[in-house]
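K.L.:
Build the 3D model from these lines:
(one chain, ligands or ions: 1)
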Amino acid sequence: MHQKIIILDFGSQVTQLIARRVREAKVFCEIHPFSYALENLREATGIILSGGPASVYVPGAPQIDPAIYQLGIPVLGICYGMQVTAHNTGGKVITADHREFGRTDVSCDTTSALFADLPAQQAVWMSHGDRIEAIPGAQVIARSVNCPLAAVHAPALNFWGVQFHPEVAHTTHGAAIIRNFLTKICGCRGDWTMGSFIDEEIARTRAKVGTEQVILGLSGGVDSSVAAVLLHKAIGKQLTCIFVNNGLLREGEAEGVQKLFADHIGLNLIYVDASARFLTALAGVADPERKRKIIGKLFIDVFKDEALKIKQRGGAAGAEVKFLAQGTLYPDVIESISVHGGPASVIKSHHNVGGLPADLGLGLVEPFRFLFKDEVRAIGTELGLADEVVWRQPFPGPGLAVRILGDVTADKVALLQRADAIVREELKNAGLERVIWQSFAVLLPVKSVGVMGDECTYERACAIRAVTSTDGMTADWAQIPYAVLGTMSNRIINEVRGINRVVYDITSKPPGTIEWE
Ligand code: XMP
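P.N.:
The predicted model follows:
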């Protein structure tokens, strides 16, 4: 059994970052709403109370049961997590004369375990209007000019509190402060590695699945690919992967995914070429939302048809398809948890495979539902998957349909596939692949005049889109060197018949989105 840190979420925007820092210290952790039952906290090696947007004095502000400070488990309170501790244990929270937002310098007591081996003066990131004035029995272990209790230790409560945010990158030694809490205060061993996870997950999957059959919708993306390899290792031929070619994939992708999985790994793979079905359904449809809906529904239809066939075959052989495997990640799970408890706090089931209906009648196998993307990548590498799979860029479910503005035809798909392949090839040649979150071409519904040789042309324009991002929620347009953009443009115009103009998209998100539709 790994030790577990429980993070109680008070609604901070950056609670996931606390989990990231804990995982980076090789300690397992889970995030739960602040109202998580006291009984469930007993299995934790340490508890972290997140920040939150509220003031403790606002009616209905989240509170905490003071009994958690008597469980014999160390508690770290961050910002609101420290204020709510003061408020609920007989201390005092006041509205600060000087609100602090952004970088602040603090002086730390390096004899405290929280700041052990760290500089006495350090830059931290603050974001608070209230601050604590007293907490019972607390010693001050850090102070700033405007915040005399920037960090405290209250031995009787087994509590450490910081007014600043150690989880954000702007707090220079934030990761080390969290690591000190984990190792020096909670006594965490730091044995949560992806190697150990693989072995444990294989055992868990075998126990859950028994002799039944499992199907998995394989998209070729990182999460489903790594899930396929891991589950194949766990249950071998009991796993069947279904790869649907919707005719909207990138150049060479249908062949690439089949080759990778069929030849190299030897797992059961059903390839369904449904491209004609998708393109027929999309004919003449230009509205982005309608395109998405048509694709989503058709995907389910195709998947259901195939699942039924396997079920019939499996049933005849004595074992039935009882489970659907998905590459759901922890951020998707967290996002569906309501911080404020109540019925909505139940974790909703996630449908990675384009919104599968509940009446599919299958149990879920989600090996990564507690993992972040970088952890899944590490597992992929550990399992021997090629870098090109592990570091594959995200690709939207509706595929090239949302990168062809206007109606979708097979000819337009072919044009875009070629232009898109050139963008990706040149990015790779420039060694920029891992720096860029996503890079692709978009086919515009515009024609413009050009001149090639002595001939006048009147052909389509395409846009190059390349962004940097850490999570896809916000993004900036990538400052790709002009020479690389020049090569991309030259090659597209020379090699792709039907495109005579290339533009570069310099819109960040927000206000734009990454995709054009
Ligand atoms: P936007 O365009 O909303 O995209 O900024 C954010 C990220 O999500 C991807 N994306 C999708 N992924 N199904 C998916 O699986 C979709 O319908 C979809 N739409 C956008 C997009 O590629 C980017 O990484």
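K.L.:
where's the residue in the stretch 1-150 of the chain positioned nearest to the ligand, which helix or strand?
P.N.:
Closest to the ligand within the stretch 1-150 of the chain is Q16: 16.4 Å, counting by Cβ to the nearest ligand atom. Every C-beta, even on glycine, is put in place using the N, C-alpha and C of the backbone. Using DSSP states H and E, Q16 maps to helix 15-24.
K.L.:
Quick check: buried residues in that helix?
P.N.:
Neighbour-count burial for helix 15-24, counted by 16 or more other Cβ atoms under 10 Å, picks out 15-23.
K.L.:
Show me where the stretch 201-350 of the chain has its strands.
P.N.:
With strands called from DSSP state E, counting those that start in this stretch, the stretch 201-350 of the chain shows them at 213-217, 239-245, 268-273, 321-325.
K.L.:
neighbouring contacts of the third one?
P.N.:
Read that as strand 268-273. With contacts defined as Cβ atoms under 8 Å, 6 or more residues apart in numbering, strand 268-273 is touched by 218, 237, 239-245, 254, 258, 261-262, 302, 306, 310.
K.L.:
can you rerun that using 10 Å?
P.N.:
213, 215-216, 218, 228, 232, 236-247, 254-255, 257-258, 260-262, 302-303, 305-307, 309-310 (Cβ atoms under 10 Å, 6 or more residues apart in numbering).
K.L.:
hang on, I48 in a helix?
P.N.:
No - counting by DSSP: H, G, I helix; E, B strand; the rest coil, I48 falls outside a helix, being strand.
K.L.:
tell me, how many neighbours does it end up with?
P.N.:
By the measure other Cβ atoms under 10 Å, the count of residues near I48 is 30.
K.L.:
contacting residues around it?
P.N.:
By Cβ under 10 Å, 6+ apart, the contact set of I48 is 5-9, 15, 18-19, 21-22, 29, 31, 74-78, 81, 160, 166-167, 178, 181-182, 186.
K.L.:
Give me the buried entries from the contacts of strand 268-273.
P.N.:
For these, a burial check counting by 16+ other Cβ under 10 Å picks out 213, 215-216, 218, 228, 232, 238-247, 254, 257-258, 260-261, 302-303, 306-307, 310.
K.L.:
returning to that earlier point: what pLDDT is listed against the residue of the stretch 1-150 of the chain closest to the ligand?
P.N.:
Note for Q16: predicted pLDDT of 86.
K.L.:
so what's it up against?
P.N.:
Going by Cβ under 10 Å, 6+ apart, Q16 touches 7, 9, 31, 50, 167, 330-331, 334-335, 372, 471.
K.L.:
before we move on, back to that, the helix holding Q16: how far from the chain's middle?
P.N.:
How far helix 15-24 lies from its chain's middle: 12 Å, per Cα atoms, centre = their mean, to the nearest Å.
K.L.:
likewise stretch 367-381?
P.N.:
Mean-position distance between stretch 367-381 and its chain equals 10 Å (Cα atoms, centre = their mean).
K.L.:
Quickly note the distance from the nearest residue to V257 once chain neighbours are set aside to the ligand.
P.N.:
Closest residue to V257 apart from its sequence neighbours, by Cβ to Cβ, 6 or more residues apart in numbering: G220 at 4.0 Å. The spacing between G220 and the ligand, counted by Cβ to the nearest ligand atom, to the nearest Å, is 12 Å.
K.L.:
any idea how far F261 is from G220?
P.N.:
Noted for G220: a distance of 9 Å to F261, by Cβ to Cβ, to the nearest Å.
K.L.:
which residues do these two both contact?
P.N.:
Common neighbours of G220 and F261, using Cβ under 10 Å, 6+ apart, are 228, 243, 389.
K.L.:
Kindly identify which of those also come near the ligand.
P.N.:
When Cβ under 6 Å from any ligand atom is applied, no member of the shared contacts of G220 and F261 is adjacent to the ligand.
K.L.:
picking that back up, what lines up beside the following helix or strand past the helix holding Q16 in the sheet?
P.N.:
Sequence-wise, the next helix or strand downstream of helix 15-24 (DSSP H and E) is strand 28-33. Strand 28-33 has its sheet partners listed here by DSSP bridges as strand 4-9 (parallel).
K.L.:
now the partner strand: how far from the chain's centre is it?
P.N.:
Chain-centre distance of strand 4-9: 18 Å, with Cα atoms, centre = their mean.
K.L.:
How about stretch 38-48?
P.N.:
Per Cα atoms, centre = their mean, the centroid offset for stretch 38-48 relative to its chain is 25 Å.
K.L.:
Using PDB, write out every CA atom in it.
P.N.:
Listed next in PDB are the C-alpha coordinates belonging to stretch 38-48 (Å, rounded to 0.1, in the frame of the first residue of the first chain):
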ATOM      1  CA  LEU A  38     -13.900  12.800   8.500                       C
ATOM      2  CA  GLU A  39     -14.000   9.000   8.600                       C
ATOM      3  CA  ASN A  40     -12.400   8.800   5.200                       C
ATOM      4  CA  LEU A  41      -9.500  11.000   6.200                       C
ATOM      5  CA  ARG A  42      -8.100   8.500   8.700                       C
ATOM      6  CA  GLU A  43      -6.300   6.600   6.000                       C
ATOM      7  CA  ALA A  44      -4.300   9.700   5.000                       C
ATOM      8  CA  THR A  45      -0.600  10.100   5.800                       C
ATOM      9  CA  GLY A  46      -1.100  13.900   5.500                       C
ATOM     10  CA  ILE A  47      -3.900  16.300   4.700                       C
ATOM     11  CA  ILE A  48      -3.600  19.500   2.700                       C
END
